[in-house]
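Undergrad: no FASTA, just this:
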């Protein structure tokens, strides 16, 4: 899926993909394409099972820095 389809910048997309990789939700590998010898990073969704309860969500939102609108 391309960044244009998601309507986000490449930098924002990679930021989130790196976070998902750190959380062990996606994995990546570098590949060389035959017509282009530059290395490209591909991401793949891993199998995962996440269980959240209300306390987990409270902890997530209390530790995240979310700008408040005035």
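TA: Right, received. Where do you want to start? Note that the structure is predicted; figures quoted are calculated from it, not measured. Numbers count the residues shown, from 1 in each chain.
Undergrad: can you give me the neighbour number for the nearest residue to residue 46 once chain neighbours are set aside?
TA: When the adjacent residues along the chain are set aside, residue 46 lies closest to residue 27, with 5.4 Å between them (C-beta to C-beta, 6 or more residues apart in numbering). The C-beta positions use only the backbone N, C-alpha and C, and glycine is treated the same way. Counted with other C-beta atoms under 10 Å, the burial measure for residue 27 works out to 12 neighbours.
Undergrad: cool, and residue 21?
TA: Taking other C-beta under 10 Å as the neighbour definition, residue 21 ends up with a count of 16.
Undergrad: hmm, back to that, run me through the strand neighbours of the helix or strand hosting the residue nearest to residue 46, direction for each.
TA: With elements taken from DSSP states H and E, the one containing residue 27 is strand 26-33. If you go by DSSP bridges, strand 26-33 pairs up with strand 36-45 (antiparallel).
Undergrad: can you give me phi and psi for residue 49?
TA: The phi and psi torsions at residue 49 (degrees, to the nearest 10) take the values phi -140, psi 110.
Undergrad: what number of residues lie near it?
TA: When neighbours are counted by other C-beta under 10 Å, residue 49 registers 4.
Undergrad: ditto for residue 57
TA: By the other C-beta under 10 Å criterion, the neighbourhood of residue 57 contains 10 residues.
Undergrad: for it, report the pLDDT, please.
TA: Each residue has a pLDDT score; the one for residue 57 is 85.
Undergrad: tell me the angle of the lengthiest helix in the chain relative to strand 26-33?
TA: As far as residue count goes, and with DSSP state H defining each element, the longest helix of the chain is helix 10-22. Taking axes from the mean of the first three to the mean of the last three C-alpha atoms, to 10 degrees, one finds helix 10-22 and strand 26-33 inclined to each other by 120 degrees.
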